[in-house]
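>>> Quick one, fold the following:
(one chain, ligands or ions: 2)
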Amino acid sequence: MAIGTVTQKILDSHIVSGEQKEGGSIGIKIDQTLTQDATGTMAYLELEAMNIESVKTELSVSYIDHNTQQNGPENRNDHLYLQTIAAAKGIYFSRPGNGICHQVHLERFGIPGKTLLGSDSHTPTNGGIGMLSIGAGGLDVALAMAGKPFRLSYPKITGIKLGGRLSPCVTAKDVILKVLEILTTKGNVGTIIEYFGEGVKTLSVPERATITNMGAELGVTTSIFPSDETTKRFLEAQGRGSCWTKIECNKDAQYDRIIEINLSSLEPLAACPSSPDNIKKIRELKGVKVDQVIIGSCTNSSYLDLSLVSFVLKGRKVNENVSLSIAPGSRQVMEMMAKNGSLANIISAGARILESACGPCIGQGLSPADETVSLRTFNRNFAGRTGTNKDQAYLVSPAVAVASALTGEITDPRDIDIKIPEIEMPSMFLINDNMIISPLSAEDVAKVSIIRKPTLGNPPFNTPLPEKVDGKVVIKVGSKITTDHIMPAGKHLKHRSNIPTYSKVVFECFNKEGQPSFAERAELLKKSGKCGVIVAEESYGQGSSREHAAICPMYLGIKAVIAISMERIHTANLINFGIIPLFFENSDDYQKIEENDSILIENTAIQLRSGNIVTAMLIKQDGSSDALKLKHNLNEEDIKIIIAGGILNQK
Ligand code: MIC
Ligand code: SF4
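Ligands and ions are numbered 1, 2, ... in the order given. Next up is the predicted model:
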């Protein structure tokens, strides 16, 4: 195969097994890993279960950025474990307050041409500097830290050719919203998006990172930009010029598909409730009353984003019917703005300043009022993610957010009487790494004792795959079920390290008052010796990398998920914990199944091994039965893992 794209070049230099053929299973060497606290505790407990003395990667970083509210002792208990396990295993530790993992990694650690595996779906943010950055479940990241290659399907590569230049007030957020309008949030599994063309040169690194960050919402494996002179200047301004290398696609690079976007023709856009691909032009939404505006998250909280916000707010007042909150993406951003006075503009305009963390993006506070409009510069607006069931969350750029915060209604920033300039990239960022704890010397590692408070559980082990899956459908759900539907975060996030407690809220949003919850139904079934089955329509498991969306159902006895289609990270997590991901051979069969129907799969292991068709028996509640043709796309290694009952059982 000709190696001409940036993606192929990086894969080629990291491949350790498999063939570079679309859809083929390959293993790649992982140079760097990142974890965040909400997925990190499980990942490090899993790493401990692998008995590895110290990480085998070139660099691994553990960030604290999700669970920073510390309501009750659970979060701080986790932080103490994470800090001490990092010290024990040779891992950098970014303390709470230092910023959101993806933003800090881009500033301080990412390297063009290297590979990064992160236990967070927005890890592709570092694709903005030409690093092949992939989100995965915690167990896959633990395996990478243990020196094991990361397994993935050799991707299809879609090239997005950018031409022209963004007009004033049109931003990188509008580019990715346009891409989401074209490609939508489903049907993109197994693809990597690579940006190329003359328009790339007009985008700064933070703008590129906004685009690759929200590529996660497409469900692609990752997104990447070339590493060019702009990348070099960014790294130099971070005092890291020496790690720059040039990586660009060849003139004759072959893409599986090319989409052309003329940056000059774009205009401000919004993702309307409640999906990142429900795109409308801001001018079509003009006049919609706004109650809340939040500017922050790993998508849009860079120094450039917030400097624009500060410019607009300077000497002005936030509309009295709007609550405006701002969370700088990193301590670097916050400190620079504090030093140059731009933070003061924001404060004096009447904005509320939040700490540099995920905060409201993952439903940690600032839930909007019922049925009111909240504009957010974030990347996800799945229903209820804000912590309010009847929410109306729109995803917009910082320019739209700040213009609307002034007027009190959704406003195109081109329609206000303020000429917003292009914000210049600083020639030097403020470098202060005193909230990052570096790995210790061997002598000091010996003195570390790992702190384990009682709220920290152990990763649960599954039972090996039974010969016969005697299953019952515990729940049947529709399309675009996100991992937020499966495993809610928000107020439950603090239970991430305690599987028995967290499992109680699996599929909480589908529970009906006065009726047994999903967890209760599944547990009852498990006690009766039967297996639980989940049935879903298209694009099951969208969104986050949280492996809890597999671990907790597994803990409750779920053995199989049957869907029309499924998203990449979630499918990998199911396999890792011994749940079989199965697909309808004929998608109309989805209609035939109802909750409480039985599904019988005889000789499961033999069937999995002998091809990709699995025949099951559907037994309806009235006793009638019908054969059900299912299929799988598991490779030999996946099948071994499932038969063992998950990777942890193989150790
Ligand atoms: C998210 O944005 O949904 C999260 C919270 O960052 C998740 C990770 C998690 O659930 O801990 C993600 O994107 O992977
Ligand atoms: Fe944090 Fe939100 Fe980014 Fe997830 S999407 S890493 S919750 S800021």
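>>> Every contact and neighbour count from this point should use C-alpha atoms.
Will do.
>>> Between the two ends of stretch 251-265, how far is it?
By C-alpha to C-alpha, to the nearest Å, the extent of stretch 251-265 from end to end equals 25 Å.
>>> what do you get for stretch 621-629?
Stretch 621-629 end-to-end distance (C-alpha to C-alpha) = 19 Å.
>>> Next, report how far that stretch is displaced from the centre of its chain.
38 Å (C-alpha atoms, centre = their mean, to the nearest Å).
>>> quick one: buried residues of it?
Counting neighbours by 16 or more other C-alpha atoms under 10 Å, one finds that the buried residues in stretch 621-629 are Leu628, Lys629.
>>> cool, and stretch 642-651?
Neighbour-count burial for stretch 642-651 [16+ other C-alpha under 10 Å]: Ile642, Ile643, Ala644, Gly645, Gly646, Ile647, Leu648, Asn649.
>>> contact partners of it?
Residues from elsewhere that reach stretch 642-651, judged by C-alpha atoms under 8 Å, 6 or more residues apart in numbering: 46, 49-50, 461-465, 575-580, 605, 641.
>>> In helices only, show me these.
Of the positions in the contacts of stretch 642-651, Glu46, Ala49, Ile575, Asn576, Ala605, Ile641 sit in helices, assigned by DSSP state H.
>>> ok, now how distant is the third one from Pro73?
Separation of Ile575 from Pro73 (C-alpha to C-alpha): 32 Å.
>>> Between the two, tell me which one has more neighbours.
Ile575 (24 against 11; other C-alpha atoms under 10 Å).
>>> Buried subset of the ones in helices among the contacts of stretch 642-651 as a ChimeraX selection?
Applied in ChimeraX, the following selects the buried portion of the ones in helices among the contacts of stretch 642-651 according to 16+ other C-alpha under 10 Å:
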select :46,575,576,605,641
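>>> can I get the ones in helices among the contacts of stretch 642-651 in JSON lines with pLDDT and distance to ligand 2?
What follows is those, written out as JSON lines (pLDDT from 0 to 100; distance: C-alpha to the nearest ligand atom, whole Å):
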{"residue": "Glu46", "pLDDT": "94", "distance to ligand 2": "21"}
{"residue": "Ala49", "pLDDT": "92", "distance to ligand 2": "26"}
{"residue": "Ile575", "pLDDT": "98", "distance to ligand 2": "23"}
{"residue": "Asn576", "pLDDT": "97", "distance to ligand 2": "22"}
{"residue": "Ala605", "pLDDT": "97", "distance to ligand 2": "37"}
{"residue": "Ile641", "pLDDT": "97", "distance to ligand 2": "28"}
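>>> Out of the ones in helices among the contacts of stretch 642-651, which is nearest to Ile100?
Closest approach between these and Ile100, by C-alpha to C-alpha: Glu46, at 23.1 Å.
>>> ok, whatever residue of the stretch 551-651 of the chain ends up closest to ligand 2 to Gln542 distance?
Distance from ligand 2 to each residue of the stretch 551-651 of the chain (C-alpha to the nearest ligand atom) is smallest for Ile569, at 14.5 Å. Going from Ile569 to Gln542 by C-alpha to C-alpha gives 8 Å.
>>> now swap in Phe311 and tell me
Noted for Phe311: a distance of 36 Å to Gln542, by C-alpha to C-alpha.
>>> try Ala522
22 Å.
>>> Check Tyr154 too.
Applying C-alpha to C-alpha to Tyr154 and Gln542 gives a distance of 20 Å.
>>> out of those two, which sits in the busier spot?
When neighbours are counted by other C-alpha under 10 Å, Tyr154 and Gln542 differ, and Gln542 comes out ahead with 26 against 22.
>>> Contacts only, for the more buried one.
Glu217, Gly219, Lys480, Ile481, Thr482, Thr483, Met566, Glu567, His570.
>>> nearest to Ile599, of these?
Distances from Ile599 to those, taken by C-alpha to C-alpha, are shortest for Met566, at 19.5 Å.
>>> pLDDT wise, what is the closest one at?
Met566 is assigned 98 on the pLDDT scale.
>>> Kindly report the same for Lys651.
Per-residue confidence (pLDDT) for Lys651: 62.
>>> do the same with Val469
According to the prediction, Val469 has pLDDT 97.
>>> Distance check, it against Glu595.
Taking C-alpha to C-alpha, one finds Val469 at 17 Å from Glu595.
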